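Peer 1: need coordinates for the below:
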Amino acid sequence: MAPVPISNINIGHIDDVQELRRTKPKIVPQRFVRDMKERPTLQTSLSLPSTNMPVIDFSKLSKGTKEEFLNELYKLSTACEEWGFFQVINHEIDLNLIENIEDMSKEFFMLPLEEKQKYPMAPGTVQGYGQAFVFSEDQKLDWCNMFALGIEPHYIRNPNLWPKNPARLR
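Peer 2: Predicted coordinates for the structure are as follows:
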């Protein structure tokens, strides 16, 4: 079963940020410029709970005692609520695998725009190449492009979105 759109809103054309950076390096389209009131200020950045990024020990979530599990789960919840991100340690993912994935990602994003656009993100979905979570024409966008592939559960996989280039990405 192929993924279905989560939204049917028409979001119009969205420029590719890598292409914008290459062709118009001194121009940032208004769709990517946040209003002043949405930007962080020195005062808001000083009010963060601490200056240390949260660190989550995955081994405590996967193999820890009940007490370790609950403590780490609390740290994870707090990190999500207060920071929005965190560092993961003891995840047991081979560093060579991570480096290979990073290298393949760089290769994909360095491809010509025409090649990347062969795997478009359908409006209202989050798989493929493009911008996700765009819900209106006047929404401010993040200065990024993304490429997302669903892996699990198996029924969300869309083999048409797996690029032929770079070949080792398949």
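Peer 1: what's the following helix or strand after the lowest-mean-pLDDT helix or strand in the chain?
Peer 2: Lowest on mean pLDDT, DSSP states H and E among the helices and strands of the chain sits helix 42-46, with a mean of 59. The helix or strand immediately downstream of helix 42-46 is strand 55-57, counting by DSSP states H and E.
Peer 1: could you point out which element follows that next one?
Peer 2: Downstream of strand 55-57, the first helix or strand assigned by DSSP H and E is helix 58-62.
Peer 1: output that next one as CSV, nothing but the C-alphas.
Peer 2: Extracted C-alpha coordinates of helix 58-62, given in CSV (Å, rounded to 0.1, in the frame of the first residue of the first chain):
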residue,chain,number,x,y,z
PHE,A,58,20.0,4.6,24.6
SER,A,59,21.4,1.5,26.4
LYS,A,60,19.4,2.5,29.5
LEU,A,61,16.2,2.7,27.4
SER,A,62,16.9,-0.7,25.7
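Peer 1: buried residues of it, list them for me.
Peer 2: By neighbour count with 16 or more other Cβ atoms under 10 Å, helix 58-62 contains the buried residues 58, 60, 61. For the C-beta atoms, the positions are set from N, CA and C on the backbone; glycine is no exception.
Peer 1: which stretches in the protein count as strands?
Peer 2: 55-57, 87-89, 128-130, 146-148 (DSSP state E).
Peer 1: tell me the most buried of those?
Peer 2: For the strands of the chain, the largest average neighbour count (mean count of other Cβ atoms under 10 Å) is found in strand 128-130, namely a mean of 22.
Peer 1: for residue 88, give me its contacts.
Peer 2: Residue 88 makes contacts with 55, 56, 58, as judged by Cβ atoms under 8 Å, 6 or more residues apart in numbering.
Peer 1: please redo it, this time with the cut-off set to 10 Å
Peer 2: Residue 88 sits next to 54, 55, 56, 57, 58, 61, 76 when contact means Cβ atoms under 10 Å, 6 or more residues apart in numbering.
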